[in-house]
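Student: Next come a sequence and a model predicted from it.
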Amino acid sequence: MAGEDWRDIGAEGELQKKPLQVIEIEGRKIALSFADGTFGAVANECNHEGGPLGEGGLKGDYVACPWHQWKFHRLTGMGEKGYETDCIPSYPVRVAAGRVLVDIAHPTRRNHLPHEPHPLARPVVRAPGPIRVLGLSTTIMDLKAPRYSGSEHLLTSALAQAASEGRETRMIRLNELSFEACKGYYSKSAHACTWPCSITQMRPKDQMAEVYEALVHWADVVLVATPIRWGQASSLYFKMAERLNTVQNAITLHDQVLIRNKVAGFLIAGGQDNVQGVAGQMLSFFAELGFLFPQFPFVAHTRGWTAEDMENNIIALRDNAGLHAEAGALASRAAELADGLIRLADPAPATVA
């Protein structure tokens, strides 16, 4: 009998108190909504990454997933406008004698549209060629009125030395990229933090993709340059680091190691002290991503906490030939280590131009 398919899930008055909630019926989780005097019931599992829809919110007539904000109509289960054919199951609901009933035996069908994998999701395979050295500058400045950056100057010297040795080089200035801050999806659920980053997947204009591409798929060596700001690396560095959690989370959740046989080094400059603290954080973080380090993995310069005469700090760094030579030597050590690692992995790669 059809009546046997209906399940009593509770009193109408009680269930009206929450616009959206998760109801479990015989081991099956349903996102129950109430708006405009009407109950709706859809499957609790989002099509995107399986997020718990009933723990999200209502955006008009749509249930928005708390993980990545994918939206499905609360009554029909259809995706938001333009994506209607990407839908989740919806269940018939009725109210009788003050009780809310759900027909669990006759849901609509789930239809998960096939999506092309994101370009970053391709297998990580090193292309033949010379050692590739990526420079990441994390200094912050007004692009309309650029100023001297000591850390970036050291990075430029390091890349110049690498190029003179036949290495392929590339510079990325984070200050020139437009990318969003981490949305904290991991804090909602570890599985909500995906590779590639969910922000990158949902926002084609998010330029953090350039960093992911260069760091994961292109570079053999990554040299990160930062000024010291209140005893720490720059805020842009930490903005990038938070977005790189997607790389580390791929390891912890899926045993997917994206960084192999890659080397990192660091260039640190500033008008304040705490070089070891800044370097220690960077070493720890990049080690967690899978990077290895050459002997003496960072080069740093500071005149100490009381050196507030910035014009002299600039002169002391800009004109310090020995310090710039050290930056170049760091690039050489890092590239030599990367070359050795690659040769161990493949005894006959074409790694030198």
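Tutor: In hand now; what should we look at? Nothing here was measured: the structure is a model prediction, and the numbers come from that model.
Student: ok, and what's touching stretch 331-345?
Tutor: Applying Cβ atoms under 8 Å, 6 or more residues apart in numbering, the contact partners of stretch 331-345 are 126, 131, 133, 158-159, 161-162, 165, 167, 220-221, 223, 260-265, 292-297, 349, 351-352. Every residue, glycine included, has its C-beta placed from N, CA and C.
Student: Now it: buried residues?
Tutor: Residues of stretch 331-345 classed as buried by neighbour count (16 or more other Cβ atoms under 10 Å): 331-335, 337-339, 341-342.
Student: so where's this protein uncertain?
Tutor: Scanning the chain for pLDDT under 70 picks out 1-3, 347-353.
Student: hey, where'd the strands end up in it?
Tutor: Using DSSP state E, the strands of the chain run over 6-11, 20-25, 28-35, 38-43, 57-59, 62-64, 71-73, 93-96, 99-103, 132-137, 168-173, 221-227, 263-270, 298-302.
Student: can those strands go into a markdown table with extra columns for distance to E180 and mean neighbour count?
Tutor: Output for these, formatted as a markdown table (distance: least, Cβ to Cβ, whole Å; neighbours: other Cβ atoms under 10 Å):
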| stretch | distance to E180 | mean neighbour count |
| --- | --- | --- |
| strand 6-11 | 39 | 15 |
| strand 20-25 | 26 | 15 |
| strand 28-35 | 27 | 22 |
| strand 38-43 | 29 | 22 |
| strand 57-59 | 19 | 14 |
| strand 62-64 | 18 | 23 |
| strand 71-73 | 19 | 24 |
| strand 93-96 | 37 | 14 |
| strand 99-103 | 38 | 19 |
| strand 132-137 | 18 | 25 |
| strand 168-173 | 17 | 18 |
| strand 221-227 | 20 | 28 |
| strand 263-270 | 24 | 27 |
| strand 298-302 | 29 | 22 |
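Student: out of the ones you listed, which comes closest to I314?
Tutor: For the strands of the chain, the distance to I314 is smallest for strand 263-270, at 9.9 Å, taking Cβ to Cβ.
Student: just to revisit the earlier point, in JSON lines, list the strands of the chain along with distance to K239.
Tutor: As requested, the strands of the chain are arranged in JSON lines below (distance: least, Cβ to Cβ, whole Å):
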{"stretch": "strand 6-11", "distance to K239": "44"}
{"stretch": "strand 20-25", "distance to K239": "32"}
{"stretch": "strand 28-35", "distance to K239": "33"}
{"stretch": "strand 38-43", "distance to K239": "36"}
{"stretch": "strand 57-59", "distance to K239": "26"}
{"stretch": "strand 62-64", "distance to K239": "25"}
{"stretch": "strand 71-73", "distance to K239": "27"}
{"stretch": "strand 93-96", "distance to K239": "44"}
{"stretch": "strand 99-103", "distance to K239": "45"}
{"stretch": "strand 132-137", "distance to K239": "12"}
{"stretch": "strand 168-173", "distance to K239": "13"}
{"stretch": "strand 221-227", "distance to K239": "12"}
{"stretch": "strand 263-270", "distance to K239": "17"}
{"stretch": "strand 298-302", "distance to K239": "21"}
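Student: how long is stretch 304-320 end to end?
Tutor: 16 Å (Cα to Cα, to the nearest Å).
Student: about what we covered before: could the buried residues of stretch 331-345 be laid out in JSON lines, adding distance to V42?
Tutor: Shown next, in JSON lines, are those (distance: Cβ to Cβ, whole Å):
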{"residue": "A331", "distance to V42": "55"}
{"residue": "S332", "distance to V42": "59"}
{"residue": "R333", "distance to V42": "57"}
{"residue": "A334", "distance to V42": "52"}
{"residue": "A335", "distance to V42": "54"}
{"residue": "L337", "distance to V42": "53"}
{"residue": "A338", "distance to V42": "50"}
{"residue": "D339", "distance to V42": "55"}
{"residue": "L341", "distance to V42": "50"}
{"residue": "I342", "distance to V42": "50"}
